[in-house]
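Visitor: Please work out how this folds:
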Amino acid sequence: MRYIPGEKNIKKEFLDDDADPVNTKLLSEDVLLYKDIKDDFLIDAYIPFDENIYPSEDDYKTGFYIRHFYKKRNLKKIKEIGKNQYLLIIKSSSFLYETFEVKWFLKYSENLESLNRNNVLDVDNKNRDLISYFVNYKEFSRK
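Guide: Modelled structure (predicted):
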């Protein structure tokens, strides 16, 4: 047997003389800890899928509905999802995604656009880039 020395924070291993050095990995304690933590988090992480969400007739009767969104923490692209997926992301305590919701008014009025825009800005002020998602603040409105 030969001893493979390493730095202070390297896990030391004993190898047979004919062990394949290419397949042998010396991992730092930090890397081993990350690997354990990553595996634990990814087991519980929910991975959302794209959905087309539209207000229901009940939403039109109440005059508004809650729109749910998520984005990967390391990206700026925002996607809309349904309430079930939104709750699954929150329940899984996923560190991969940031979730948020916006109250969206549906009943047409002269100030509809400003109401919806202000609600988006309230959420966007928390550094979420949500404003880039919206083009039409009267989307889904009815008279």
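Visitor: Contacts for stretch 69-83, please.
Guide: 48-51, 53, 66-68, 85-86, 89, 95-102, 128-130, 132-133 (Cβ atoms under 8 Å, 6 or more residues apart in numbering). For the C-beta atoms, the positions are set from N, CA and C on the backbone; glycine is no exception.
Visitor: how about a cut-off of 7 Å?
Guide: With Cβ atoms under 7 Å, 6 or more residues apart in numbering as the test, stretch 69-83 has contacts from 48, 50-51, 53, 67-68, 89, 96-101, 129-130, 133.
Visitor: What residue spans form the domains of the protein?
Guide: Per the record, the chain has its domains at 2-44, 57-132, by automatic domain parsing.
Visitor: ranking these by mean pLDDT, which is last?
Guide: Note on the domains of the chain: domain 2-44 shows the lowest mean pLDDT, a mean of 53.
Visitor: Do a quick rundown of the strands in the protein.
Guide: 2-4, 13-15, 64-72, 78-81, 97-105 (DSSP state E).
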